[in-house]
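Trainee: need coordinates for the below:
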Amino acid sequence: MRIQKAARAILERQLPDGGFNIYTGGPADVSATVKAYCALKLAGIDQTAIPLRWARARILTLGGLQSANSYVKINLSLFAFIRASTCPRYRRRS
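Mentor: Now for the predicted structure:
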């Protein structure tokens with residue numbers, strides 16, 4: 001029940017262009033859209049559903065996953081959704 005409620009809350013915030021923003025009235029943000037897309041998929045929404053198709057199209061329009069921020073990439077790699085080699089590497093300063 002909680003998962004479905006969370007999915008509904010996310011879908012209510014989807015912008016008309018298919019993306020998700022980081023603040024009210026703001027433009028679609030690729031990182032926010034990727035996070036919302038993943039959350040909705042984890043909630044069990046089929047990837048062929050209209051909202052996810054719109055979100056996927058918006059992600060691609062905004063530059064794809066490679067345009068998402070480091071936080072998104074690292075979290076996706078922790079859950080093995082993407083390869084860790086696509087994440088920025090931590091470099092220790094000497």
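Trainee: quick one: mean pLDDT for stretch 25-40?
Mentor: What stretch 25-40 shows for mean pLDDT is 97.
Trainee: quick one: distance of that stretch to the chain centre.
Mentor: On the basis of C-alpha atoms, centre = their mean, to the nearest Å, stretch 25-40 is displaced by 5 Å from the centre of the chain it belongs to.
Trainee: mind telling me what element the residue lying closest to Ala84 once chain neighbours are set aside is part of?
Mentor: If the residues on either side of it in the chain are set aside, Ala84 comes closest to Ser77, at 4.5 Å by C-beta to C-beta, 6 or more residues apart in numbering. Bear in mind the C-beta positions are built from the backbone N, C-alpha and C, glycine included. Assessed by DSSP states H and E, Ser77 sits inside helix 70-78.
Trainee: which SS class is the spatially most central residue of the chain?
Mentor: In the chain, the centroid-proximal residue (C-alpha atoms, centre = their mean) is Val34; its distance is 1.3 Å. Under the three-state scheme (DSSP: H, G, I helix; E, B strand; the rest coil), the conformation of Val34 reads as helix.
Trainee: tell me the contacts of it?
Mentor: Remark: with contacts taken as C-beta atoms under 8 Å, 6 or more residues apart in numbering, Val34 is in contact with 59, 65, 68, 72, 76.
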